[in-house]
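> predicted model and sequence follow; I will ask about them next.
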Amino acid sequence: MDIFFLMPEEYTNLDHATHNEEVCSHLDDNTKYSDWIITTAFYSAMHFMKHKIFPLKIIDQAKMIEHLVNGYYTKNNLVLKS
């Protein structure tokens, strides 16, 4: 079974940070797994900082990677084999 995670087009670093913060609070109130509380707190802080430093939208990462790879191969006269 394939599982896909789809992000809305307007999903920002602030949205991601807020989501992680809510998950962290939920875990803090409802679980004994402190490692996940620490993990979600870290990623929440990281996305809050990304929002402050780079207040941009998260774009379609697959398209961004494809664009960067194609640009690299074109710039260096390389052929991308499939």
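That came through, no problem. Bear in mind that the values here come from a model prediction, so they are computed numbers and not experimental data.
> what's around Cys24, how many residues?
20 (other CB atoms under 10 Å). C-betas here are computed from N, CA, C, even on glycine.
> give the buried residues for stretch 40-50.
Across stretch 40-50, burial judged by 16 or more other CB atoms under 10 Å covers Thr40, Ala41, Tyr43, Ser44, His47, Phe48, Lys50.
> what's the helix or strand for Glu66?
Following DSSP states H and E, one finds Glu66 within helix 61-75.
> give the rounded mean pLDDT of that helix.
For helix 61-75, mean pLDDT is 69.
> next one: stretch 26-41
In this model, stretch 26-41 has a mean pLDDT of 89.
> now do the buried residues in that stretch.
Neighbour-count burial for stretch 26-41 flags Leu27, Ile37, Thr40, Ala41 (criterion: 16+ other CB under 10 Å).
> which helix or which strand is home to the last one?
What it means is Ala41. helix 34-53.
> list the helices and strands that helix packs on?
Helix 34-53 sits against helix 13-30, with contacts defined as 3 or more CB pairs under 8 Å, 6 or more residues apart in numbering; DSSP states H and E.
> next, work out how far apart Leu31 and His47 are.
Wrong residue type there; residue 31 is Thr, not Leu. Using CB to CB, to the nearest Å, one gets 21 Å for the distance from Thr31 to His47.
> again, but for Ala41
Taking CB to CB as the measure, Ala41 and His47 are separated by 11 Å.
> mutual contacts of those two, please.
Taking CB atoms under 8 Å, 6 or more residues apart in numbering as the criterion, Ala41 and His47 both touch Asn20.
> ok, and the closest non-adjacent residue to Val23?
Distance criterion CB to CB, 6 or more residues apart in numbering; nearest residue to Val23, sequence neighbours excluded, is Thr40 at 4.8 Å.
> perfect, that will be all.
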